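Student: Here is a sequence with its predicted model. Questions after.
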Amino acid sequence: MKKEVTLTILMPCLNEESTVGKCVKDSIDFIKKNKINGEVLIVDNNSTDNSSSIAKNAGARVIKESRKGYGSALKKGINEAYGKYIIMFDSDCSYDLNDLIVLYKKLEEGYDFVIGNRFNGTIEKGAMPFFNKYLGNPVLSFMGRVLYSNHIIKDYHCGLRGFNKEKMIELNLESNGMELASEMVIKVIKNKLKVIEVPTNLYKDGREGKSHLRPVRDGLRHIKCMIKYKYRR
């Protein structure tokens, strides 16, 4: 029987042993400080390092997702979360956890989907590749706003986002890769959920290995996803 909590802090994880422990500890500190009935959930997506044991020892609930991909890990986490609300972000220490309280309060106010905007906050030098910062993210976000006639969300690919779990499950997310970020926003808009965007800060991640993001490949996936759902009923 699942334990019911108010908030699940959800992080996908793939070989993040250098950062996942701090992310879990800081998330637990946030829950305790704000007296929230919550949990921290890590979805391990086939890590070959000690990420899972580090996360578990730091206090997280850890589950496994064998299907590869950012989208696969997040879909698993959303379905397995105990919380009424979910706040998700990457387990690489790139997001400012002081921003979590803003997202949480907006969810409590009745918003179905809350997403950060890194361009309205602070982007630390080196936190976002030049291509992504000045071409990839702005162009893809502009494309999304034009295709879906929505001007509330201006940063389509911010990884810090919160939502009502049941409302998100009802959207029937399909994507298994990075393009899930676009699909989520598109379906939120098409289904007319109550949405708000808030400023957030982005820092250079603390991982020791290479980023999982592949700008050209993932950019093309996002474009294909946007066009696909534009013409699907």
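Tutor: Yes, it's here.
Student: which is the next helix or strand following the helix or strand of the chain with the lowest mean pLDDT?
Tutor: Ranking every helix and strand in the chain by mean pLDDT, DSSP states H and E puts helix 130-131 at the bottom, with a mean of 54. Following helix 130-131 in sequence order, the next helix or strand is helix 137-148 (DSSP states H and E).
Student: Can you point out the buried residues in that next one?
Tutor: N137, L140, S141, M143, G144, R145, Y148 (16 or more other C-beta atoms under 10 Å). Quick note: C-beta positions are derived from backbone N, CA and C, even for glycine.
Student: likewise stretch 84-101?
Tutor: Buried, per 16+ other C-beta under 10 Å, within stretch 84-101: 84-97, 99-100.
Student: Equivalent analysis for stretch 19-34, please.
Tutor: Buried, per 16+ other C-beta under 10 Å, within stretch 19-34: T19, V20, G21, K22, C23, V24, D26, S27, I28, F30, I31.
Student: Which strand or helix spans the fourth one?
Tutor: Taking DSSP H and E as the definition, K22 sits inside helix 20-33.
Student: Which strands or helices does that helix pack on?
Tutor: Helix 20-33 sits against strand 5-13, strand 38-44, helix 51-58, helix 100-108, with contacts defined as 3 or more C-beta pairs under 8 Å, 6 or more residues apart in numbering; DSSP states H and E.
Student: what is the orientation angle of it with strand 38-44?
Tutor: 160 degrees (axes from the mean of the first three to the mean of the last three C-alpha atoms, to 10 degrees).
Student: which residues of this structure score low on pLDDT?
Tutor: In the predicted model, the chain carries pLDDT under 70 at residues 1-2, 129-136, 138, 206-219, 233.
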